[in-house]
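Trainee: Task: produce atomic coordinates for the following.
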Amino acid sequence: MHIEEWRPLAERFNLVPALLSDTAARNMALLPAASARMLEPQAATGARYDVTDGGIAVIPIAGTLIANYRGMNDWLTGYDAVEQQLALAVADPGVAGIALVVDSHGGQVSGCFECADAIAAAHAAKPVWALAKHNALSGGYALASAAGRLYGTTTARVGSVGVVLMHLDLSGALERAGLTVNLIYSGARKVDGNPFAPLPDDVRERLQSEVDSTREVFAGRVARARGLAVAEVLASEAGIFGLTEAAAHGLADGERAVHEFFAEFREFLGRRSTGATATPGAAPSTHRSTGEHPMSDQSAGGEAPMTSEQLAAARAEGAAAERERIAGILACDEAKDRGEQAVYLATRTGLSVAEARGVLAASPTAKPAGSPLDHAMAAEPVPDIGPGAGDDLAAAARPMKTSGEWIEARRAKVQQLKRLG
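Mentor: Numbers count the residues shown, from 1 in each chain. Next up, the predicted model:
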């Protein structure tokens with residue numbers, strides 16, 4: 001592993017404030033033992049986002065968020081990569097809207113707010129919605145809250161509007177090991193907060209002030225994006241909330257299953273394309289400053305609020321339809337020998353059965369396991385080249401000779417040849 005690849009992670013132990021949830025902050029201690037696979041870059045050098053039916057570009061934001069990194073994978077996402085994908089999606093004529101699917105506990109402060117600004121700018125050009133699939137916390141929430149709407153799944157958690165900075169004091173361990181670290185430096189504050197000595201009180205106070213200031217900036221951005229007062233956001237005290245509580249605090253717009261989120265987004269884009277929405281280029285906000293009811297409390301047409309029974313029935317109907325759609329894709333004739341593609345289309349996209357069948361029909365079939373000889377042998381029956389080949393099988397059947405019988409036959413043949421000689 002190249003040392004440069006560790007640089008963004010190592011910075012977290014060098015007094016760089018981070019927008020991390022408490023869980024992620026505790027897990028940072030495990031980073032030195034992380035697998036090299038965690039840092040495998042899936043370089044964002046082209047349009048790697050998926051586009052669902054309805055023209056929705058899906059940009060995943062997963063794992064730890066870091067600056068100066070153009071890769072995206074399940075463990076790390078670079079702010080630069082997100083910004084690049086946003087720019088590509090905005091410029092893509094086949095994209096009508098952008099969905100951010102977030103599953104992140106947060107990351108570096110550096111680059112986070114700039115990335116959030118890029119999300120807001122993209123939303124000014126094309127609707128950008130965010131879905132907290134599992135977690136949209138701290139830095140992950142900073143990005144998700146910049147979208148026009150923010151929903152989350154049933155078990156998702158959002159929030160953690162706070163900042164953490166870690167100092168590791170190794171002085172006791174070094175003393176027990178009989179080691180002394182001598183720092184030769186110039187400038188009174190050059191080695192403030194170094195890990196080889198306890199943290200002095202004046203340095204702690206300065207670092208605390210820096211963390212407090214960053215949190216206020218974070219809260220101010222969330223307040224503007226969500227239509228809240230800064231004091232309301234700060235009052236959350238970096239708490240982590242489920243979707244019901246988050247919606248009550250104005251930190252999210254409601255709960256949606258994945259298929260519900262994309263179905264609603266497609267419906268919105270469809271209405272927008274016909275001019276039914278009020279403001280082209282921007283989704284109507286459900287933030288509390290608008291005075292609108294959350295979408296989860298309204299019928300699809302925006303008339304009278306739905307009762308809890310009606311909402312539950314609608315969700316049950318939607319879940320049944322989704323199960324039927326998935327089953328239809330997996331069981332269709334075109335899914336034969338295309339199992340992986342079928343599972344992906346059924347579970348990771350919103351394609352209808354007919355659309356998925358069309359994609360599968362145009363996809364190559366999976367190569368069967370085994371060598372070319374295995375395939376050739378399986379394609380044709382093994383010819384009968386023994387005695388009586390071609391005769392009726394029952395008549396041509398011969399009992400198998402034992403080894404003793406073969407030896408006796410060979411001996412008789414030898415004796416016969418001797419007599420002839």
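Trainee: now the helices: where do they sit in the stretch 201-350 of the chain?
Mentor: With helices called from DSSP state H, counting those that start in this stretch, the stretch 201-350 of the chain shows them at 201-226, 230-234, 243-248, 258-273, 308-331, 339-348.
Trainee: Does residue 220 touch residue 230 like I think?
Mentor: Yes - here residue 220 reaches residue 230: they are 5.3 Å apart, a contact under Cβ atoms under 8 Å. For glycine as for every other residue, the C-beta is placed from the backbone atoms N, C-alpha and C.
Trainee: which stretches of this structure form strands?
Mentor: 18-20, 50-52, 56-66, 76-78, 97-108, 128-137, 149-152, 157-159, 240-242 (DSSP state E).
Trainee: now those as CSV including mean pLDDT?
Mentor: Below are these laid out as CSV (pLDDT from 0 to 100):
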stretch, mean pLDDT
strand 18-20, 71
strand 50-52, 88
strand 56-66, 93
strand 76-78, 90
strand 97-108, 93
strand 128-137, 95
strand 149-152, 96
strand 157-159, 94
strand 240-242, 94
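Trainee: Quick one: closest of these to residue 192.
Mentor: strand 18-20 (17.7 Å; Cβ to Cβ).
Trainee: residues near the closest residue in space to residue 100 that isn't next to it in sequence, how many?
Mentor: Of all residues not flanking residue 100 in the chain, residue 130 sits nearest, at 4.2 Å (Cβ to Cβ, 6 or more residues apart in numbering). Other residues within reach of residue 130, judged by other Cβ atoms under 10 Å, total 31.
Trainee: How much space separates residue 130 from residue 169?
Mentor: Distance, residue 130 to residue 169, by Cβ to Cβ, to the nearest Å: 38 Å.
Trainee: Could you chop this structure up by domain?
Mentor: Domain assignment for the chain, taken from automatic domain parsing, gives 3-265, 307-366.
Trainee: Worst mean pLDDT among the ones you listed?
Mentor: Mean pLDDT is lowest for domain 307-366 out of the domains of the chain, coming in at a mean of 73.
Trainee: Quick check: beta-bridge partners of the nearest residue to residue 154 once chain neighbours are set aside?
Mentor: Leaving aside its sequence neighbours, residue 154 sits nearest to residue 255 (Cβ to Cβ, 6+ apart; 6.0 Å). Following DSSP bridges, residue 255 is listed with bridge partners residue 152.
Trainee: okay, now residue 255: neighbour count?
Mentor: Number of residues near residue 255 (other Cβ under 10 Å) recorded here: 22.
Trainee: wait, it sits on residue 155?
Mentor: No - the pair residue 255 and residue 155 fails to qualify as a contact (Cβ under 8 Å) at a distance of 9.7 Å.
Trainee: Count residues in the vicinity of residue 335, would you?
Mentor: By other Cβ under 10 Å, the residues close to residue 335 number 21.
Trainee: That should have said residue 146, apologies.
Mentor: Neighbours of residue 146 (other Cβ under 10 Å): 26.
Trainee: what's the answer for residue 320, then?
Mentor: Neighbours around residue 320, by other Cβ under 10 Å: 10.
Trainee: try residue 86
Mentor: Using other Cβ under 10 Å, residue 86 has 24 other residues around it.
Trainee: cool, residue 87 as well?
Mentor: 14.
Trainee: so who does it touch?
Mentor: The contact partners of residue 87, by Cβ atoms under 8 Å, 6 or more residues apart in numbering, come to 118, 122.
Trainee: Indicate which one of the strands of the chain is closest to residue 91.
Mentor: Comparison of the strands of the chain against residue 91 by Cβ to Cβ identifies strand 56-66 as nearest, at 10.7 Å.
Trainee: between that closest one and strand 128-137, how big is the angle?
Mentor: Using axes from the mean of the first three to the mean of the last three Cα atoms, to 10 degrees, the direction of strand 56-66 lies 30 degrees away from that of strand 128-137.
Trainee: which helices and strands sit right next to strand 56-66?
Mentor: Applying 3 or more Cβ pairs under 8 Å, 6 or more residues apart in numbering; DSSP states H and E, one finds that strand 56-66 contacts helix 3-10, strand 50-52, strand 76-78, helix 79-91, strand 97-108, helix 139-144, helix 258-273.
Trainee: Go ahead and confirm residue 127 touches residue 95.
Mentor: No - checked against Cβ under 8 Å, the pair residue 127 and residue 95 is beyond contact range at 10.3 Å.
Trainee: Please tell me how far residue 320 sits from residue 259.
Mentor: Taken as Cβ to Cβ, the span from residue 320 to residue 259 is 11 Å.
Trainee: what residues are shared contacts of those two?
Mentor: Shared contacts of residue 320 and residue 259 (Cβ under 8 Å, 6+ apart): none.
Trainee: what residues are up against the residue lying closest to residue 85 once chain neighbours are set aside?
Mentor: Spatial nearest neighbour of residue 85, chain neighbours left out: residue 59 (4.8 Å); criterion: Cβ to Cβ, 6+ apart. Listed by Cβ under 8 Å, 6+ apart, the contact partners of residue 59 are 49, 82, 85-86, 89, 98-101.
Trainee: Okay, and the beta partners of residue 59?
Mentor: Judged by DSSP bridges, the bridge partners of residue 59 are residue 100.
Trainee: quick one: contacts for the residue nearest to residue 100?
Mentor: Residue 130 makes contact with 99-102, 136, 143-147, 149-151 under the criterion Cβ under 8 Å, 6+ apart.
Trainee: One more: residue 331?
Mentor: Per Cβ under 8 Å, 6+ apart, neighbours of residue 331: none.
Trainee: Distance check, it against residue 263.
Mentor: Where residue 263 is concerned, residue 331 sits at a distance of 22 Å (Cβ to Cβ).
Trainee: and what of residue 133?
Mentor: Between residue 133 and residue 263 the distance is 16 Å, computed by Cβ to Cβ.
Trainee: now swap in residue 414 and tell me
Mentor: Per Cβ to Cβ, residue 414 is found 85 Å from residue 263.
Trainee: And for residue 156?
Mentor: Residue 156 is 18 Å from residue 263, by Cβ to Cβ.
Trainee: Next: residue 96.
Mentor: In this structure, residue 96 and residue 263 are 14 Å apart, going by Cβ to Cβ.
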